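In: Give me coordinates for this.
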Amino acid sequence: MRRSLAPVLRALRPWFVGWFAFQAVVAAVGWLTARRQNEGDESSTSIRRVLTHSGLELRPRNPALSRLRVDMAMSGAEIDLTGLPRSDQGIDLTLRVLMGGAAVRVPPDWRVWWRFRGVGGMGGDGVVQRTHDEHAADLRIHAVVVLGGVGVEAG
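Out: This next block holds a predicted model:
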């Protein structure tokens, strides 16, 4: 039996090596891009994160937060906005997701507007107050997703 597996394993070895090399290149490019593109921290008024092959837990705490942007490939994000008070001008959240997912948690009394483009899905948990008036929303989500999903839930 061992001798019959050897030719198959030798034939598959270049594919495995190629796949792991591709994953390593994507991770390295993502890491270098994140070093150049990431802005702000949880106390900033504008935050941007770029990530690949990893996860992100973000809990902004600045009441003057106006903009969040998360670009991710083959990764996931959890964005918790429950610690923020309602903003007069609202918060803009831009999500660009490739083969990943994001969970956005908002206070139960916030009105949320979203525009979704791509292949995947987006939805609320049934408690989130979805509005169709972009300007009246407390959170505006602009999502572009390829093979992933975005969930909005009240926290």
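In: which element follows the lowest-mean-pLDDT helix or strand in the chain toward the C-terminus?
Out: Using mean pLDDT, DSSP states H and E, the weakest-scoring helix or strand in the chain turns out to be helix 2-37, at a mean of 85. Next helix or strand after helix 2-37 toward the C-terminus (DSSP states H and E): strand 46-52.
In: wait, what's in contact with E134?
Out: Contact analysis of E134 by Cβ atoms under 8 Å, 6 or more residues apart in numbering lists W113, R140. To be clear about C-beta, it is placed using only N, CA and C from the backbone, and glycine gets the same treatment.
In: With L81 instead?
Out: P60, I91, V104, R105, V106, P107, W110, L139.
In: Turn those residues into JSON lines, including secondary structure and distance to V17.
Out: Formatted as JSON lines, the contacts of L81 follow (DSSP: H, G, I helix; E, B strand; the rest coil; distance: Cβ to Cβ, whole Å):
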{"residue": "P60", "secondary structure": "coil", "distance to V17": "41"}
{"residue": "I91", "secondary structure": "strand", "distance to V17": "45"}
{"residue": "V104", "secondary structure": "strand", "distance to V17": "38"}
{"residue": "R105", "secondary structure": "strand", "distance to V17": "40"}
{"residue": "V106", "secondary structure": "strand", "distance to V17": "44"}
{"residue": "P107", "secondary structure": "coil", "distance to V17": "49"}
{"residue": "W110", "secondary structure": "coil", "distance to V17": "48"}
{"residue": "L139", "secondary structure": "strand", "distance to V17": "44"}
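In: Can you say which of those are buried?
Out: Buried subset of those (neighbour count, 16 or more other Cβ atoms under 10 Å): P60, I91, V104, R105, V106, P107, W110, L139.
In: could I get the residues you listed as TSV with distance to Q129?
Out: Formatted as TSV, the buried ones among the contacts of L81 follow (distance: Cβ to Cβ, whole Å):
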residue	distance to Q129
P60	20
I91	15
V104	14
R105	14
V106	9
P107	10
W110	7
L139	10
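In: Good, we can wrap up now.
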